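1. Make a model of this:
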Amino acid sequence: MERLRAFAGRSTFLRYGAAVGTVTLAVLARSALATVAQDKLPFAPFLIATVVAAWYGGVGPSRLSSVLGFVVVESIFVRHDSARWFLTPAALAVAISYFAAASAILLLIQANQRNRAYALARQLDLEREIAERVQAETDLRKSRDELELRVLWRTAGMKSAQERLTEQAALLQLAHDAILVTDLEGKISFWNSGAEGIYGWRADEAIGANVHELLRTILPAPMNEIAVILQNEGQWQGELTHATRTGQAVTVASRWSLQRDREGKPPVILQINRDVTERKRAEEALRHSEERYRALVVATSQIVWTADPNGMMTDAPSWQAFTGQSEDEVKGWKWLDSLHPEDRDRAVALWSDAVLHQSTYETEYRIRKSDGDFRHVSVRAVPVKRAGGSVRGWIGACTDVSERKRAQEALQSANARLSQLSRDLLRTQDYERRRIARELHDSTAQLLAALQINLTRLQDPGMDPDRRKRALSEAADLAAACSTEIRTVTYLLHPPVLDEVGLAGALQAYAQGFKQRTGIEVEIKLPPGFGRLSRELESTLFRIVQEGLANVHKHSGSPLAVIRLERDEHEARLYLQDRGQGLPLALRQRANGFVHFGVGILGMRERAEQLGGRLELDSNATGTRITVTLPLVQSNEKNANTLS
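-> Numbering: from 1, shown residues only. You can find the predicted model right below:
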């Protein structure tokens, strides 16, 4: 077997070289036997060489060896009588015999080699089959060992996994959230203790039931839409409304996860539900509180705003509505843009100091309204503190005090006018006292002095009767003149006719006396049925006419003054107009100066305003016009008309 394997592995060079070598050895052997055998059996060594070449090298080397042996024998060891010896029958017979013997030997050797090759192949196949069987048994044994090892490892792993699953299941049981597992149809296969605590059903009652029917689920979207999201994204989350075993509604934040197997099929859905009912109630309460707060902010006339702990404004809807600024234009320090430029530095300094010391912020400044008008506001802000004392934020309010500021300014102006009026009244009183004293001294006192002289003369018993008669007549005339002077002064101070016949009659009488004293014509225009007014209104209008006519006499130089009275259901109006040169420019600009008779224009305006009326003055180079409007008090007017 080993020789056949060696033969199969020999190279061509060795096989054919061996053939040539065997022929060479045959030549040497034949030469050595030439003296003994002479010409007998010349081909015997070469047939042996052919056998050796066929045995060692195969068919090709054996043929080469037989040809070379025939040529060597015929050329060296056999003598021929002619050159064409190979054409003789004897030579042909020898050649045929030699080659036939060589061929027979070759055939035998080939047959032997084929048998050996077949045996070798069979042996190789058997050895290969045995080796394969041995290898297969070895591999099978190894596989069995590996399988046993893998089974051991798998068993240990499954045991460990089972232990981990048991631990995880125990942990899931400890969770406060409701954790449940369902199939795609909603059938429950796992129900932890957290679900029992939230919903009230035990695991043995819940497992096998449909989760949506058991809990009466209210979904935020149709189930088919949720299923599409689960298939595409593998998870879904949202808020659900469930019913507990007692029927109480609970709100849960639910998270669904789709668990797929090795083939990618989604056999189960893991649901984790967290009870957020209290949080939702708190959020709802907070939302209601915010709505109430915003409604309060909208309803109140104040401008309410909030700021962060650093003083940066965060929320100010009413500020935005008042100033017309947008949300971005208010946040931070941008709200300062709506303040009056003169107030910004002071407002920032006070606000920064309040934020730094966490103290109450109080000030006033001017804010530009959405219509462009600046309004005065009173500002107050307080820090909102946590339990530990740190500032959580600020809340402030701005109150529009423009009307109050205007009222204060009006009050200050009124006080100033009142002070001026008081001074004017004192001067007027002093002037009136001097005028009355002068009138009494220049006229009444002189008449009384003359009356006293005449009465003294009448005391003389020796007076002539004619002279006594004349003295008595003069005394009577002086007494009558004194009475006239006293009535005139009394009429100027307060005419009795005003109470007796009313405003119209008093004005007529006063106009006649004014014409006699000044020479100025006074025209009075009254509508039919003007009637009586209240005593206060008639007195006020009469005094205004007195003051106005005094101004006409002192300043205008007009030969005519026109007085017109009108009334309706709500108010009475007085028009006093002259045709003079108008008031002096300085008096026209102030319209509140002191005119010597009475309290002047300021006094007339004050009289009108005390009764809720107004006085309007229009003066130019062609004359002056005073318009007085007073409201009527119905009850008083009815009483006045009844008395009339």
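2. Need the distance between the two termini of stretch 226-246.
-> Taking CA to CA, to the nearest Å, the first and last residues of stretch 226-246 lie 28 Å apart.
3. Domain-wise, how is the chain divided?
-> Per automatic domain parsing, the domain ranges recorded for the chain read 2-126, 175-281, 300-395, 401-493, 498-643.
4. what's the average pLDDT for the third one?
-> In this case it means domain 300-395. Across domain 300-395, the average pLDDT comes to 88.
5. In contact with the residue at minimal distance from the centre of the chain: list those residues for me.
-> With distances taken as CA atoms, centre = their mean, residue 327 lies nearest the centre of the chain, 9.0 Å away. If you count contacts by CB atoms under 8 Å, 6 or more residues apart in numbering, residue 327 has them with residue 320. Any C-beta I mention is one placed from the backbone N, CA and C, and that applies to glycine too.
6. Repeat that for the one 3 residues further on.
-> Residue 330 sits next to 313, 316, 319, 320, 323 when contact means CB under 8 Å, 6+ apart.
7. how about 10 Å then?
-> Applying CB atoms under 10 Å, 6 or more residues apart in numbering, we find residue 330 in contact with 305, 313, 314, 315, 316, 317, 319, 320, 323, 337, 338.
8. ok, and for the helix or strand hosting residue 383, which residues are buried?
-> Applying DSSP states H and E as the criterion places residue 383 in strand 374-385. If you call a residue buried by 16 or more other CB atoms under 10 Å, then strand 374-385 has these buried ones: 375, 376, 377, 378, 379, 381, 383.
9. And stretch 50-64, by the same measure?
-> Buried residues in stretch 50-64, counted by 16+ other CB under 10 Å: 50-58, 61-64.
10. Among those, which one sits closest to residue 577?
-> Of all the buried residues of stretch 50-64, residue 58 has the smallest distance to residue 577: 164.1 Å, by CB to CB.
11. Next, the closest residue to that closest one other than its chain neighbours: phi, psi?
-> Once flanking residues are discounted, residue 58 sits nearest to residue 15: 6.1 Å by CB to CB, 6 or more residues apart in numbering. Dihedral pair for residue 15: phi -70, psi -50, per degrees, to the nearest 10.
12. How about residue 559?
-> Dihedral pair for residue 559: phi -80, psi -10, per degrees, to the nearest 10.
13. Quick check: it touching residue 521?
-> Yes: Residue 559 is in contact with residue 521 according to CB atoms under 10 Å; the separation is 6.3 Å.
14. Quick one: name whatever helix or strand follows the helix or strand where residue 416 lies.
-> In this assignment (DSSP H and E), residue 416 forms part of helix 402-439. Later in the chain than helix 402-439, the nearest helix or strand by DSSP H and E is helix 445-458.
15. how far is that following helix from where the chain is centred?
-> With CA atoms, centre = their mean, to the nearest Å as the basis, helix 445-458 stands 101 Å off its chain's centre.
16. Kindly report the same for stretch 553-563.
-> What separates the centre of stretch 553-563 from the centre of its chain is 73 Å, taken as CA atoms, centre = their mean.
17. Now that stretch: buried residues?
-> By 16+ other CB under 10 Å, the buried positions in stretch 553-563 come out as 553, 555, 556, 558, 561, 562, 563.
18. from those, which is closest to residue 475?
-> Nearest to residue 475 among the buried residues of stretch 553-563: residue 553, at 34.8 Å, using CB to CB.
19. In PDB, list the C-alpha atoms belonging to whichever strand or helix holds residue 513.
-> Using DSSP H and E, residue 513 falls within helix 503-518. In PDB, the C-alpha atoms belonging to helix 503-518 read as follows (Å, rounded to 0.1, in the frame of the first residue of the first chain):
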ATOM      1  CA  LEU A 503     -85.300 140.500  39.500                       C
ATOM      2  CA  ALA A 504     -87.000 142.100  36.500                       C
ATOM      3  CA  GLY A 505     -88.500 145.000  38.600                       C
ATOM      4  CA  ALA A 506     -85.300 145.500  40.500                       C
ATOM      5  CA  LEU A 507     -83.200 145.700  37.300                       C
ATOM      6  CA  GLN A 508     -85.700 148.300  35.800                       C
ATOM      7  CA  ALA A 509     -85.400 150.500  38.900                       C
ATOM      8  CA  TYR A 510     -81.600 150.100  39.100                       C
ATOM      9  CA  ALA A 511     -81.300 150.900  35.400                       C
ATOM     10  CA  GLN A 512     -83.200 154.200  35.900                       C
ATOM     11  CA  GLY A 513     -81.000 155.200  38.900                       C
ATOM     12  CA  PHE A 514     -77.800 154.100  37.100                       C
ATOM     13  CA  LYS A 515     -78.800 156.400  34.100                       C
ATOM     14  CA  GLN A 516     -79.500 159.300  36.400                       C
ATOM     15  CA  ARG A 517     -76.100 158.900  38.100                       C
ATOM     16  CA  THR A 518     -73.900 158.100  35.100                       C
END
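20. That helix - contacts with which helices or strands?
-> If contacts are counted by 3 or more CB pairs under 10 Å, 6 or more residues apart in numbering; DSSP states H and E, helix 503-518 sits against helix 465-493, helix 497-501, strand 521-525, helix 535-551, strand 560-567, strand 571-578.
21. May I see those arranged in TSV, with distance to residue 149 as well?
-> TSV is the format used below for those (distance: least, CB to CB, whole Å):
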stretch	distance to residue 149
helix 465-493	139
helix 497-501	136
strand 521-525	135
helix 535-551	125
strand 560-567	126
strand 571-578	119
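22. Can you verify my assumption that residue 46 contacts residue 28?
-> No: contact between residue 46 and residue 28 fails when scored by CB under 10 Å: they sit 11.6 Å apart.
23. These two: which is more packed in?
-> Using other CB atoms under 10 Å as the criterion, residue 46 and residue 28 rank with residue 46 on top: 29 against 11.
24. which ones are touching the more buried one?
-> The contact partners of residue 46, by CB under 10 Å, 6+ apart, come to 22-23, 25-27, 29-30, 53, 65-73, 77, 98, 102.
25. next structured bit after the host helix or strand of it?
-> Using DSSP H and E, residue 46 sits in helix 44-57. Per DSSP H and E, the first helix or strand lying C-terminal to helix 44-57 is helix 59-72.
26. and the angle from that next one to helix 44-57?
-> Between the axes of helix 59-72 and helix 44-57, defined by axes from the mean of the first three to the mean of the last three CA atoms, to 10 degrees, the angle is 160 degrees.
27. low pLDDT regions in the stretch 401-550 of the chain?
-> 421, 425-426, 428-432, 435-436, 438-443, 447, 487-497 (pLDDT under 70).
28. how about a cut-off of 90?
-> Judged against pLDDT under 90, the low-scoring parts of the stretch 401-550 of the chain cover residues 401-519, 526-550.
29. What does the pLDDT read for residue 236?
-> Confidence at residue 236, expressed as pLDDT, is 92.
30. quick one: secondary structure of it?
-> Assigned state for residue 236: strand (three-state reduction, DSSP: H, G, I helix; E, B strand; the rest coil).
31. That one against residue 230, yeah?
-> Yes: between residue 236 and residue 230 there is a contact under CB under 10 Å: 5.3 Å.
32. shared neighbours, those two?
-> 256, 257, 258, 269.
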